[in-house]
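Participant: 3D model of this:
(2 chains)
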Number of protein chains: 2
Amino acid sequence: MRNKQINSEEVEMSNYSDYLKQIDNEFWLIEGETTNLDIFYKIKEIIFSEQSQYQHIMILDSYDFGRMLVLDRAIQTTARDGFIYNEMISHIPMNIHPTPKRVLIIGGGDCGTAREVAKYSHVEQIDMVEIDGMVVKVCLEHLSEVSGNLSDPRVNFIFQDGIKFVENITNPKDFYDVIIVDSSDPVGPAVPLFGLDFYKSLYNILKNDGLMVCQSDSPIFHFETMKQTYKRLCSLFPITRPYTTVVPTYPGGMWSFTLASKKYRDTNPSQFDKENKNTKYVNSEILKQCFSLPEFVRSRLMDSN
Amino acid sequence: MRNKQINSEEVEMSNYSDYLKQIDNEFWLIEGETTNLDIFYKIKEIIFSEQSQYQHIMILDSYDFGRMLVLDRAIQTTARDGFIYNEMISHIPMNIHPTPKRVLIIGGGDCGTAREVAKYSHVEQIDMVEIDGMVVKVCLEHLSEVSGNLSDPRVNFIFQDGIKFVENITNPKDFYDVIIVDSSDPVGPAVPLFGLDFYKSLYNILKNDGLMVCQSDSPIFHFETMKQTYKRLCSLFPITRPYTTVVPTYPGGMWSFTLASKKYRDTNPSQFDKENKNTKYVNSEILKQCFSLPEFVRSRLMDSN
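Facilitator: Numbers count the residues shown, from 1 in each chain, chains lettered A, B, ... in the order given. The predicted model follows:
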């Protein structure tokens, strides 16, 4: 669909892909959330571009957002604003659970979420299950603004399909305190990661006081995903709390997460203040208010239809 | 700068302007916040397009955001997300002041802010000073999703330069309880609306317990504007409180406002709950937390440099 703006014969084509265009000697990444909205980012340099077993992986150095990870045609994270998403998906659950020791991250190949989780000293083990090992390798090497050169003996990289990994856990000693589903959007291979069966599996491998969080898409463009996630998690967990934040490089600007918990419900802002987590987005004020939803989100979530 | 993406000889040019392009029989509005970022919105229909004395005014019906007001080349508001900006710039000050009777709006030609202010029954007079009368006329006629077909005897439309209007107010009986500066960004003619002299004039025409709010640009792309506004208002008012929200159609997604007050400081969420304002973004939960700033905004604002 991105080809509608510029016909191939009109510009000198790059040899990289159909969504990175060379126009007047400058590269532009063209990202579109819908067929009616295209965002052009001017690119300084192509740092990395390779097809993995699963997807086309690029690290691009952009003028406005610094280095960015692009999987197939979608920006996943950038040096400039990646901290917002990564801090919001990790510090909210990590702060709500009083003493998480075993943490599972599904996806999160840019390593930014694992980097934030590793800031908690009481954490003993972080299992990071990412299907595409090349993403992890590339982000550790070329996207240190997000991955933070993550090197922590508590992090186990497991390059495997998240659904299969979860199904194979049956021994209660392997259960988790916190599970973070840092997946791509529910398109193609990521669809099962938004399914009720997967959420049931996650429920089953959480400890009795465990909690999980997942990204649940854009309330502006894909409210149905957010609502479906909310309803599915409500059907399994006694406590389900959606929250939103702003991600400048995600189309629509607003993004949602959904937290589901067996026991703990509230953030602990004063505890966060006691420990310096060196964050750029989350602070105790954000923790106090993170579950306040805009009215159009709140009312549509509560609507029983 | 928007011409860099598509050379004029490569596409069939529209006869409207250089930022509304006809490509493969479809119209696209091209908006760019910087020279390195361009956003293409696919357009269903050009509802209105005319040059006023001050600017080029268009109402476009877009696929993703419905009808939008475009002044020169910048999207000002849309049917889909205009309520966020308009509710956040109006209900925060209107809720903090216990009984605002006289309200001044500078700018706000789309009438969305006046529409929200008019929801308060104790308001007796709303002076709306907009330099370009054509914007008001066009939005009332073609953008009812935002303007709400505003027709309220308390609203005085005054088509005049805001700075001159403010300078001519000297009689204390004409002073205001709440002033809302709903201006365009500090480029060209709107620059003086961000100046210290203008803020001093506003201070002078506020009652002894009055308060004001202004939009203060994107914390992502123009943090210096937000900080300058904060510092200038701090130098005049005993209470200055910045806040942010998300506006999907403003580049960077996050937007800032700065409130400055002579007396009142806190929102009154329970009061808001008592009166049904029929809002889509602001609710009592949002009022409780609106001044919670992301850490990167808070720390840079507090930094004395």
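Participant: what about residue A:171, how many neighbours?
Facilitator: 8 (other CB atoms under 10 Å in any protein chain shown). All C-beta spots, glycine's among them, are computed from the backbone N, C-alpha and C.
Participant: my bad, should have said residue A:249
Facilitator: There are 25 residues near residue A:249, going by other CB under 10 Å.
Participant: Which of the three states applies to it?
Facilitator: State at residue A:249, reduced to three classes by DSSP: H, G, I helix; E, B strand; the rest coil: coil.
Participant: Would you check that it makes contact with residue A:67?
Facilitator: No. The criterion here is CB atoms under 8 Å, and residue A:249 misses it with residue A:67 at 11.9 Å.
Participant: Please go through chain A and pick out the longest helix.
Facilitator: What stands out as the longest helix in chain A, according to DSSP state H, is helix A:82-96.
Participant: Please name every helix or strand in contact with it.
Facilitator: Here helix A:82-96 touches helix A:112-117, helix A:144-147, strand A:176-182, strand A:206-215, strand A:239-246, strand A:254-261, helix A:269-274, helix A:284-289, going by 3 or more CB pairs under 8 Å, 6 or more residues apart in numbering or on different chains; DSSP states H and E.
Participant: For residue A:249 and residue A:67, list the residues in contact with both.
Facilitator: Residues within reach of residue A:249 and of residue A:67 at once, by CB atoms under 8 Å, 6 or more residues apart in numbering or on different chains, are residue A:78.
Participant: so where's the stretch 1-150 of chain A uncertain?
Facilitator: Counting by pLDDT under 70, the stretch 1-150 of chain A contains low-confidence ranges at A:1-17, A:33.
Participant: I'd like a version of the helices and strands packed on helix A:82-96 in a markdown table, one that adds distance to chain B and mean neighbour count as further columns.
Facilitator: As requested, the helices and strands packed on helix A:82-96 are exported to a markdown table (distance: least, CB to the nearest CB, whole Å; neighbours: other CB atoms under 10 Å in any protein chain shown):
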| stretch | distance to chain B | mean neighbour count |
| --- | --- | --- |
| helix A:112-117 | 13 | 26 |
| helix A:144-147 | 14 | 21 |
| strand A:176-182 | 20 | 26 |
| strand A:206-215 | 16 | 22 |
| strand A:239-246 | 4 | 22 |
| strand A:254-261 | 5 | 25 |
| helix A:269-274 | 10 | 13 |
| helix A:284-289 | 3 | 19 |
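Participant: For the residue at minimal distance from the centre of chain A, give the beta-bridge partners.
Facilitator: With distances taken as CA atoms, centre = their mean, the residue of chain A nearest its centroid is residue A:182 (3.8 Å). With DSSP bridges as the criterion, residue A:182 is bridged to residue A:107.
Participant: Tell me who's in contact with it.
Facilitator: By CB under 8 Å, 6+ apart, residue A:182 lies in contact with A:89, A:105, A:106, A:107, A:108, A:113, A:215.
Participant: What about the third one, how many residues nearby?
Facilitator: Pointing back at residue A:106 there. Neighbour count of residue A:106, defined by other CB under 10 Å: 26.
Participant: Pretty sure residue A:145 sits against residue A:66.
Facilitator: Yes. Residue A:145 lies in contact with residue A:66 (CB under 8 Å); the separation is 6.4 Å.
Participant: List the residues that contact residue A:137.
Facilitator: If you count contacts by CB under 8 Å, 6+ apart, residue A:137 has none.
Participant: Likewise for residue A:103?
Facilitator: Listed by CB under 8 Å, 6+ apart, the contact set of residue A:103 reads A:94, A:117, A:123, A:125, A:126, A:127, A:176, A:177, A:178, A:179, A:180.
Participant: For residue A:241, see how far away it is.
Facilitator: 19 Å (CB to CB, to the nearest Å).
Participant: same check, this time on residue A:100
Facilitator: Distance from residue A:100 to residue A:241, counting by CB to CB: 17 Å.
Participant: what's the answer for residue A:124, then?
Facilitator: According to CB to CB, residue A:124 and residue A:241 sit 26 Å apart.
Participant: interface residues of the stretch 101-250 of chain A facing chain B?
Facilitator: Selection of the stretch 101-250 of chain A residues close to chain B by CB under 8 Å from any CB of the partner chain yields A:220, A:221, A:244, A:246, A:247, A:248, A:250.
Participant: Specify the local secondary structure of the closest residue to the last one other than its chain neighbours.
Facilitator: Going back to what we said before, that points to residue A:250. In space, and not counting its chain neighbours, residue A:250 is closest to residue A:218: 6.5 Å by CB to CB, 6 or more residues apart in numbering or on different chains. At residue A:218 the chain is in coil, as set by three-state DSSP.
Participant: Go ahead and confirm residue A:218 touches residue A:256.
Facilitator: Yes. Under the criterion of CB under 8 Å, residue A:218 makes contact with residue A:256 at 7.0 Å.
Participant: who touches both of these two?
Facilitator: In contact with both residue A:218 and residue A:256: residue A:226, using CB under 8 Å, 6+ apart.
Participant: hang on, residue A:248 packs against residue B:253?
Facilitator: Yes. Counting by CB under 8 Å, residue B:253 is a contact partner of residue A:248 at 4.4 Å.
Participant: Between the two, which is the more surrounded one?
Facilitator: Per other CB under 10 Å, whichever of residue A:248 and residue B:253 has more neighbours is residue B:253, with 26 against 22.
Participant: ok, for the more buried one, nearest residue in space, not its chain neighbours?
Facilitator: Residue B:253 sits nearest to residue A:253 (CB to CB, 6+ apart), 2.7 Å away.
Participant: Next, find the distance separating that neighbour from residue B:98.
Facilitator: Plainly put, residue A:253 is 33 Å away from residue B:98 if you go by CB to CB.
Participant: Helix, strand or coil: sort out residue A:21 for me.
Facilitator: Taking three-state DSSP, the label given to residue A:21 is strand.
Participant: Leaving out the residues flanking it, which one is nearest to it?
Facilitator: Closest residue in space to residue A:21, ignoring its immediate chain neighbours: residue A:28 at 5.2 Å, by CB to CB, 6+ apart.
Participant: tally of neighbours for residue A:230?
Facilitator: Neighbours of residue A:230 (other CB under 10 Å): 20.
Participant: got the angle between the helix or strand hosting it and strand A:206-215?
Facilitator: If you go by DSSP states H and E, residue A:230 is part of helix A:223-234. Interaxial angle, helix A:223-234 versus strand A:206-215 (axes from the mean of the first three to the mean of the last three CA atoms, to 10 degrees): 170 degrees.
Participant: List the buried residues in helix A:223-234.
Facilitator: Going by neighbour count (16 or more other CB atoms under 10 Å in any protein chain shown), the buried part of helix A:223-234 is A:223, A:225, A:226, A:227, A:228, A:229, A:230, A:232, A:233.
Participant: Now do the same for residue A:276: its pLDDT.
Facilitator: Predicted confidence (pLDDT) for residue A:276: 88.
Participant: residues in contact with it?
Facilitator: Contacts of residue A:276 by CB under 8 Å, 6+ apart: none found.
Participant: Look at it and give its secondary structure.
Facilitator: The three-state label given to residue A:276 by three-state DSSP is coil.
Participant: what's the spacing between it and chain B?
Facilitator: Using CB to the nearest CB, to the nearest Å, residue A:276 is found at 11 Å from chain B.
Participant: Now do the SS call for residue A:173.
Facilitator: helix.
Participant: and the residue lying closest to residue A:125 once chain neighbours are set aside, backbone torsions?
Facilitator: Once flanking residues are discounted, residue A:125 sits nearest to residue A:102: 5.0 Å by CB to CB, 6+ apart. When quoted as degrees, to the nearest 10, the phi and psi of residue A:102 stand at phi -110, psi 120.
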